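*Asks:* Okay, here's the prediction I keep looking at, along with the sequence it came from:
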Amino acid sequence: MTVVARPNISAGTSTAETAGRTGKRMSRIRYLVAVTAVGALLAGCGERVGQEPAGRGQAVETGPAAGTPQVDPVALIGSWKVAEVDGGEDVVLRLAADKSNDLLLFGPCAVLMGSWRADASGLFLADVPGHTAAGDGRACRSGAQVTDAWLRRAVAFRVEGDSPVLLDSQGMRVARLLPGARPAPGPNLLPALAEPPEVTDEVRRALAPAAALPGNLVPARRETLLGRWVPADGRTWPWQKEPYVELRDDGEWRGSDGCNGQGGRWVAGPEGAFLATAGPSTLIGCDNVSVGSWLSAAWRAGLDGKTLVLLDAQGKETGRLRRG
């Protein structure tokens, strides 16, 4: 039942006074309606502005929020001319999905080698621990060295037409990747590594969206992941170093399998999205726990109480860690 409020008119109130009060009340109502309509219009404009591609100086969220369209990391595969970045002149970035040497950064006189990862939430991660010598054996001239400092700042991506754009943690543009580049491998690399990488059905399956985090796990946020973690099985290591991993605020991680030092880079995103790389390691044999492999195989990270659970693309656990 709808209740309609009626004005309280006393016996001594004249018709003219009543009409005047009613007119004032209606004027206030019309004013509030007008203000509300203007506010809704401005809010709608703000939403449209926030959806436009961010340029230099514009901050956007790292990775799309829940319910927004996903992006395809397959679009990153290719040989790209690096543009709109300091130190990126005459630099070609080749991103492939090979088992090894899947990232090559060709500079004027050297080639950096590393790995990369990306997912459908828009996360991106590159790790460049190694390099090759100049093709003719000469040292790079001052100012001509190829640098990966800009690449290490990239933690997200989006695709504009046929050009991927790499973003930093604030959503600021790091670099634009332009198609059609043809790097020169020189004598120290196989010629095939200068050819455009192939996108196969196997590659598409490998980069397909990861399984959602199970309902019994709470998505791990970046701030909850920071710090030192050890295997959650409660084992003791009286004769060797305890395996551990430390996720640092600068995007690096360091750790040990019990005998060998390990490290790489990591990034976290919405809905428990998690990516990490694992760089070179020594090969001392021991009763170890390959925490680096747990990280580099993970696509999701969730919390089971205080236990950190890492899962692969199919939702299978790669490892469990606790605070240590």
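*Replies:* Looks like it came in fine. Numbers count the residues shown, from 1 in each chain.

*Asks:* For the closest residue to Gly251 other than its chain neighbours, which residues count as its bridge partners?
*Replies:* Nearest residue to Gly251, sequence neighbours excluded (Cβ to Cβ, 6 or more residues apart in numbering): Arg265, at 5.5 Å. C-betas here are computed from N, CA, C, even on glycine. Beta-bridge partners recorded for Arg265 (DSSP bridges): Glu252.

*Asks:* For Gly227, name its beta-bridge partners.
*Replies:* Per DSSP bridges, the residues bridged to Gly227 are Leu247.

*Asks:* ok, now how distant is it from Leu310?
*Replies:* Separation of Gly227 from Leu310 (Cβ to Cβ, to the nearest Å): 15 Å.

*Asks:* Flag the shaky bits of the protein, pLDDT-wise.
*Replies:* Counting by pLDDT under 70, the chain shows low-confidence ranges at 1-69, 87-89, 99-101, 130-146, 238-239, 280-285, 287.

*Asks:* Count residues in the vicinity of Val230, would you?
*Replies:* 19 (other Cβ atoms under 10 Å).

*Asks:* Ala301 against Phe274, yeah?
*Replies:* Yes - taking Cβ atoms under 8 Å as the definition, Ala301 is a contact partner of Phe274 at 3.8 Å.

*Asks:* any common contacting residues for these two?
*Replies:* The overlap between the contact sets of Ala301 and Phe274 (Cβ atoms under 8 Å, 6 or more residues apart in numbering) consists of Ala220, Leu225, Ala268, Leu310.

*Asks:* Redo the residues you listed as a markdown table? Include secondary structure and distance to Ala206.
*Replies:* Shown next, in a markdown table, are the shared contacts of Ala301 and Phe274 (DSSP: H, G, I helix; E, B strand; the rest coil; distance: Cβ to Cβ, whole Å):
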| residue | secondary structure | distance to Ala206 |
| --- | --- | --- |
| Ala220 | coil | 23 |
| Leu225 | helix | 24 |
| Ala268 | strand | 21 |
| Leu310 | strand | 18 |
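
*Asks:* any idea which element Arg254 lies in?
*Replies:* Per DSSP states H and E: Arg254 is located in strand 252-256.

*Asks:* Which residue ranges make up each domain of the chain?
*Replies:* Domain segmentation of the chain under automatic domain parsing yields 73-204, 218-323.

*Asks:* Reformat the ones you listed as a markdown table; add distance to Ala211.
*Replies:* As requested, the domains of the chain are arranged in a markdown table below (distance: least, Cβ to Cβ, whole Å):
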| stretch | distance to Ala211 |
| --- | --- |
| domain 73-204 | 11 |
| domain 218-323 | 4 |
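
*Asks:* Go through these and name the closest to Ala210.
*Replies:* Among the domains of the chain, the nearest to Ala210 by Cβ to Cβ is domain 218-323 (3.7 Å).

*Asks:* And for the nearest residue to Trp229 once chain neighbours are set aside, the neighbour number?
*Replies:* Spatial nearest neighbour of Trp229, chain neighbours left out: Leu321 (3.8 Å); criterion: Cβ to Cβ, 6+ apart. Residues lying near Leu321 (other Cβ under 10 Å) number 24.

*Asks:* isn't Leu321 right up against Pro231?
*Replies:* Yes - assessed by Cβ under 8 Å, Leu321 is found in contact with Pro231 at 6.3 Å.

*Asks:* Gly171 is in contact with Ala154, isn't it?
*Replies:* No - look at Gly171 against Ala154 with Cβ under 8 Å: they stay out of range, at 11.4 Å.

*Asks:* of the two, who's got more company?
*Replies:* Using other Cβ under 10 Å as the criterion, Gly171 and Ala154 rank with Ala154 on top: 22 against 16.

*Asks:* how near is the more buried one to Leu177?
*Replies:* When distance is defined by Cβ to Cβ, Ala154 is 10 Å away from Leu177.

*Asks:* Leu125 falls within a strand, correct?
*Replies:* Yes - Leu125: assigned to a strand according to DSSP: H, G, I helix; E, B strand; the rest coil.
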